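> below is the sequence, then the predicted model.
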Amino acid sequence: MSNSEAAPGIVGPFAGMDVPSLLRMRSQSRREHPFLVWAPFDAPAKAWTYGEFHERVGALAAGLKARGVKPGEFLLIHLDNCVEAMLAWFACVELGAIAVTTNTRSAPAEMEYFADHCGAVGAITQPAYAEPISAHCRNLRWLAVISHDAGAAPAQSRKPQHGDSFESLFGDSADRPRRAIDPSAPCSVQYTSGTTSRPKAVLWTHANALWGGKVNAAHEDLHQEDVHQTYLPLFHTNALAYSMLASLWVGATCVIQPRFSASRFWNVAAEHGSTWTSTIPFCMKALLDHEIPKQHKFRLWGAAVCEPPAFSAFGIKIIGWWGMTETITHGIVGEVDQPNSPMSIGRAAAEYSIRVTNDDGSPTAPGGTGNLLIKGIPGLSLFKEYLHNEKATGESFDEHGYFVTGDRVTLLEDGFMKFGDRAKDMLKVGGENVAASEIEQVIAVVPGVREAAVVAKKHPMLDEVPVVFIIPAAGVERAPKDLHDNVMSACRKALADFKVPREIRFVDEMPRSTLEKVAKAELRKMLG
């Protein structure tokens, strides 16, 4: 039997459920409890209870149906963080349409590709992006525009210059569409970052989304009285599944900020009693420059690594994790109620099968670094497919049915794992393989370093050599000789000579891509 064949009679964990049925259930069991709290930068916060949000989703789904959107059709949602983004996403999936959430940093040509590739019939966006979408996504039947940009005050003119107003989409919630529940039906699409080829469209089913809600909530020890503070982009898996769907699953509250703001973070947390946040190193580093309040309600943070010493000042347990758009949740995760190996990404999650292998397919021994592969069930615990790309879908799995992640991890003696690198982020220095992250980890703990990123520079003899870009910590001069010398000294002490950076460049900021990750392709361009 092939991996894609299923034995007859299997009853899935979400039989009789889909995303709309979960929202409907919560609107009954937690009707008056706040589900979403919108915390803009320039106005008082506004809350939507589960009951209110369910009603608005139904009205929007009814309006989309009246506009001619049919089940199985694709709808672009090109929005920064806002409640409208979640109304649009849930209304799409209630109707049976497929929500396509796109990165608002995408170039117009990329948006044109996304719209044409999925065959989107319409788009919902905000004033800042309306003109380029109108100009480049010419096959859309319609475009709707919300009244504001990322929490800014609405424009004086209520009528958008391009397209219709978002409010014009709403109908009567009494006319909300009714359809048969099918957890295997397609639900949403996210486009992954491309390298040498076009981005791939990761397709989730309703079962995938429900899996994300249930398993993320379990991994995070999330409960109905928790308040999840959310500022990472809702068009990505982290905020959508780790925060939003997990909160929905348990009936908790999700506080949405337009984006991360170090100066506003603690005030928002205090105002709303935040107990949980999913964060990234970029945000935590910025928070170190601000006073940490003695009184707050945070009990857990989730981030890239477990219990990083550099952030012990927060006094909050930080669990690490690893996941991808294709895995919906964490395939590797730290323990909430047990000690974790510091700087690890956790242990293999119980819901998946994890393999770490050498390039020849043999198991990587503890202490070694190998290729990370993960096995689950497509359409449930792994993505359904890459939309319109059967070849890429097939090639992403090995002969044993494991998804080839392209990431590398170091397997520790105690079963924990540390992130190694993306396979594509390895340097080849004079025939030696060098992980950029290995060098970055050494430099990151040098006093005076706020952030470091290592990239390869072409070399006539050695093929490549490492170059490091560094953002100095606050209070450190722009091009500090002492810091330069300290970094080089630390590298020479901790690394083989061929791993020591050949050049240090001090910068005020790094180019950014998904989830504020450093855009290393842009750094390479800066090398000339």
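That came through fine.

> what comes up buried for stretch 507-516?
Val507, Met510, Pro511, Leu515, Glu516 (16 or more other C-beta atoms under 10 Å). Heads up, the C-betas are built off the backbone N, CA and C, glycines and all.

> give me the three-state assignment for Glu94.
What DSSP: H, G, I helix; E, B strand; the rest coil gives for Glu94 is helix.

> so it is in contact with Val19, correct?
Yes: Glu94 is within contact range of Val19, at 7.5 Å (criterion: C-beta atoms under 8 Å).

> picking that back up, what's the most distant pair in the buried residues of stretch 507-516?
Spanning the widest gap among the buried residues of stretch 507-516 are Val507 and Leu515, at 19.6 Å by C-beta to C-beta.

> how far away is Lys46 from Arg178?
30 Å (C-beta to C-beta, to the nearest Å).

> between these two, which is the more surrounded one?
Between Lys46 and Arg178, counted using other C-beta atoms under 10 Å, the more crowded position is Lys46 (11 against 7).

> now do the phi/psi pair for the more buried one.
Per-residue torsions, Lys46: phi -130, psi 130 (degrees, to the nearest 10).

> what's across from it in the sheet?
Beta-bridge partners of Lys46, counted by DSSP bridges, are Trp38.

> next, the contact list for it, please.
In this structure, Lys46 makes contact with Val37, Trp38, Val83, judged by C-beta atoms under 8 Å, 6 or more residues apart in numbering.

> pick out whichever of Glu94 and Val19 has more residues nearby.
Val19 (29 against 26).

> for that one, list the residues it contacts.
Phe90, Val93, Glu94, Cys187, His206, Ala209, Leu210.

> where's the last one, which helix or strand?
Yep, that's Leu210 we're talking about. Leu210 is part of helix 206-219, with elements assigned from DSSP states H and E.

> how about stretch 244-260: buried residues?
Buried residues in stretch 244-260, counted by 16+ other C-beta under 10 Å: 244-258, 260.

> where in this protein is pLDDT low?
For the chain, the stretches with pLDDT under 70 are 1-6, 151-159, 193-197, 431, 433, 478-479, 514-515.

> and it, split by domain according to the record?
Domain ranges of the chain: 19-222+234-258, 430-526, per automatic domain parsing.

> next, format those domains as a markdown table and append distance to Gly331.
What follows is the domains of the chain, written out as a markdown table (distance: least, C-beta to C-beta, whole Å):
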| stretch | distance to Gly331 |
| --- | --- |
| domain 19-222+234-258 | 10 |
| domain 430-526 | 17 |
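
> deepest of those, which one?
Most buried of the domains of the chain by mean neighbour count (mean count of other C-beta atoms under 10 Å) is domain 19-222+234-258; its value is a mean of 20.

> by residue count, which helix of the chain is the longest?
What stands out as the longest helix in the chain, according to DSSP state H, is helix 50-66.

> which neighbouring elements make contact with that helix?
For helix 50-66, the elements it packs on are helix 19-29, strand 34-38, helix 83-95, judged by 3 or more C-beta pairs under 8 Å, 6 or more residues apart in numbering; DSSP states H and E.

> between helix 83-95 and the shortest one, find me the angle.
What it means is strand 34-38. Calculated by axes from the mean of the first three to the mean of the last three C-alpha atoms, to 10 degrees, strand 34-38 forms an angle of 140 degrees with helix 83-95.
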